[in-house]
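Trainee: With the input below, show me the fold.
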Amino acid sequence: MVLLSMIKIQHSPIHGTGVFAAADLAKGQRVGTYEGARYTARQAARRDWDHALTYVFGLSNGSLIDGSDGGNETRHLNHSCEPNCEAYEETGPRGRLSIVFYALRPVSAGDELFIDYGLIVDEKQGEAAYRCACGSGTCRGTMLAARPAEA
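Mentor: Numbering: from 1, shown residues only. You can find the predicted model right below:
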């Protein structure tokens with residue numbers, strides 16, 4: 001059986017290159033798996049990352065997947081404060097962790113696919129370095145993780 005790709009890559013009005021639905025997607029439908037070079041937590045700590053543009057996904061075991069090195073189309077998923085897809089960490093049959101994307105709601109063919117980056121950084125660059133351009137009605141203005149409301 002041949003599986004046809006559910007996504008296509010093209011120019012995004014939000015940011016550079018984006019991922020778009022090649023066909024209608026149902027809520028909960030698998031969109032793709034994030035691929036790329038893998039680094040252990042120790043290797044990642046020693047690596048000099050290009051902070052201007054990164055395609056890095058962190059896993060719960062401290063390892064990283066770098067989509068800029070051997071990655072696939074999913075590395076072009078852009079951020080939105082109102083995402084239509086979500087990333088989940090899954091464990092494969094051999095115990096290997098992966099990042100898999102699923103549609104959060106029905107998506108029409110041709111629509112751009114988004115995830116909420118929810119970045120957590122320990123750098124002191126401030127929110128301006130992680131400005132959001134999604135333009136959604138609930139845009140929080142940053143790609144950083146939402147902060148809990150203060151009491």
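Trainee: Give the buried residues for the lowest-mean-pLDDT helix or strand in the chain.
Mentor: Across the helices and strands of the chain, mean pLDDT, DSSP states H and E gives its lowest value to helix 41-46, namely a mean of 80. Residues of helix 41-46 classed as buried: A44 (neighbour count, 16 or more other Cβ atoms under 10 Å). From N, CA and C alone the C-beta is placed, and that goes for glycine too.
Trainee: A strand includes A128, no?
Mentor: No: applying DSSP: H, G, I helix; E, B strand; the rest coil, one finds A128 to be helix, outside a strand.
Trainee: Tell me how many other residues crowd it.
Mentor: By other Cβ atoms under 10 Å, 8 other residues sit near A128.
Trainee: Equivalent analysis for G32, please.
Mentor: For G32, the neighbour count with other Cβ under 10 Å is 19.
Trainee: Surely it is in contact with I7?
Mentor: Yes: when contacts are counted by Cβ atoms under 8 Å, G32 is listed as touching I7 (6.0 Å).
Trainee: Give me the common contacts of these two.
Mentor: Contact with both G32 and I7 is made by residues 73-74, according to Cβ atoms under 8 Å, 6 or more residues apart in numbering.
Trainee: give me the low-pLDDT residue ranges for this protein?
Mentor: Applying pLDDT under 70 to the chain flags the ranges 1-4, 49-53, 122-127, 147-151.
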